[in-house]
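Engineer: give me a 3D structure for the following:
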Amino acid sequence: MQSLIDNARSFPERASDLRRFAEGQHPQALFIACSDSRVVPTLITGAAPGELFELRTAGSIVPVYDEKRAFGEVATIEFAVEVLQVKHIVVCGHSHCGAVNAIVHPGAPSALPAVHQWLADTGPHDETRRAADFLDGSALTSAVQRHVQVQLERLRSHPSVAKKLEYGRLELHGWFYAVDAGVVSVLEDERFRPL
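Structural biologist: Numbers count the residues shown, from 1 in each chain. A predicted model of the protein is given here:
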C-alpha cells in the first residue's frame, strides 16, 4: 500500500498539464470492462487520460434495461451516450474471469450473498451458461466470449444506445483480452479474431 500512497503524493509532479482537465472531458469511447485488477483499459489501449470513459463492473456485465430500476451501470451508459456523446462502446471480456466462472458454475448463494443477488438482478445469464457447454475451445473462454455478445445485445436494448445506433452515431465493439498473453481479439462476424 505504501507504494500506492507514494505514487499518489508524487502524481502532480509526474503528470503533464492537468489544468486542461478542468475544461471538461471528451472521451472517444465508453470502455466497459471487468473490475478484475489484471484488466487495465488504459494500459491495454494506450489511451491517455480523458480518452476513455470507463465502466468497471464484475464480469463486464451490462444489466438488462428496466425503466423502473436504476442501476449505476445503466446511468453510466446513458451519461456516456447522451452527455459525453461517445462514438464507440467497447465491451471487453477477459480470460480467467471469476464473474463468468460464477455464472457458469454457481456456488452456494450463502457463500457470497451480495454477488449472488447482483448476478440474479442483472441477469438472466442462461446464454453464457449454455456457451460453456457446446462451444469450441476452453469452456470458460467460450463462455466469456458469448457473454460479451450477450452484453452487446443488452446494450442495443438501452433506449439511449438504440437511438444513437439507429441514427448511425454510435458503434458497438466486442473485445476479448487474454490476461496471460496480452492478446486482444475483436468480435467480427460472430467470431473473435486477433486484432
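
Engineer: immediately after the helix-or-strand element of the chain with minimal mean pLDDT, which helix or strand?
Structural biologist: Least confident element among the helices and strands of the chain, by mean pLDDT, DSSP states H and E: helix 126-134 (a mean of 65). Heading C-terminal from helix 126-134, the first helix or strand you meet, by DSSP states H and E, is helix 139-157.

Engineer: I'd like the next helix or strand past that next one.
Structural biologist: helix 159-166.

Engineer: how far is the helix or strand following that following helix from where the chain is centred?
Structural biologist: The C-terminal neighbour of helix 159-166 among helices and strands, as given by DSSP H and E, is strand 171-178. Mean-position distance between strand 171-178 and its chain equals 9 Å (Cα atoms, centre = their mean, to the nearest Å).

Engineer: correct me if wrong: residue 21 contacts residue 27.
Structural biologist: No: contact criterion Cβ atoms under 8 Å: residue 21 and residue 27 do not qualify, at 11.7 Å. Yep, even glycine has a C-beta here, placed from its N, CA and C like the rest.

Engineer: mutual contacts of those two, please.
Structural biologist: residue 50 (Cβ atoms under 8 Å, 6 or more residues apart in numbering).

Engineer: just the helices in the protein please.
Structural biologist: For the chain, applying DSSP state H gives helices covering 2-14, 41-45, 72-82, 98-104, 113-122, 126-134, 139-157, 159-166.

Engineer: ok, residue 21 and residue 27, which is more surrounded?
Structural biologist: When neighbours are counted by other Cβ atoms under 10 Å, residue 21 and residue 27 differ, and residue 27 comes out ahead with 19 against 11.

Engineer: so where's this protein shaky on pLDDT?
Structural biologist: Applying pLDDT under 70 to the chain flags residues 14, 108-111, 129-138.

Engineer: neighbours around the closest residue to residue 112 other than its chain neighbours, how many?
Structural biologist: With Cβ to Cβ, 6 or more residues apart in numbering as the criterion, residue 112 has its nearest non-adjacent residue at 7.9 Å, and that residue is residue 102. Residues near residue 102, counting by other Cβ under 10 Å, number 18.

Engineer: what's the spacing between residue 102 and residue 159?
Structural biologist: 29 Å (Cβ to Cβ, to the nearest Å).

Engineer: need the residues that contact stretch 165-184.
Structural biologist: Contacts of stretch 165-184 (Cβ under 8 Å, 6+ apart): 36, 38-39, 44, 81, 85-96, 141, 144-145, 148-149, 151-152, 155-156, 161, 164, 185-187, 192, 194-195.

Engineer: so which bits of that stretch are buried?
Structural biologist: 165, 170, 172-177, 184 (16 or more other Cβ atoms under 10 Å).
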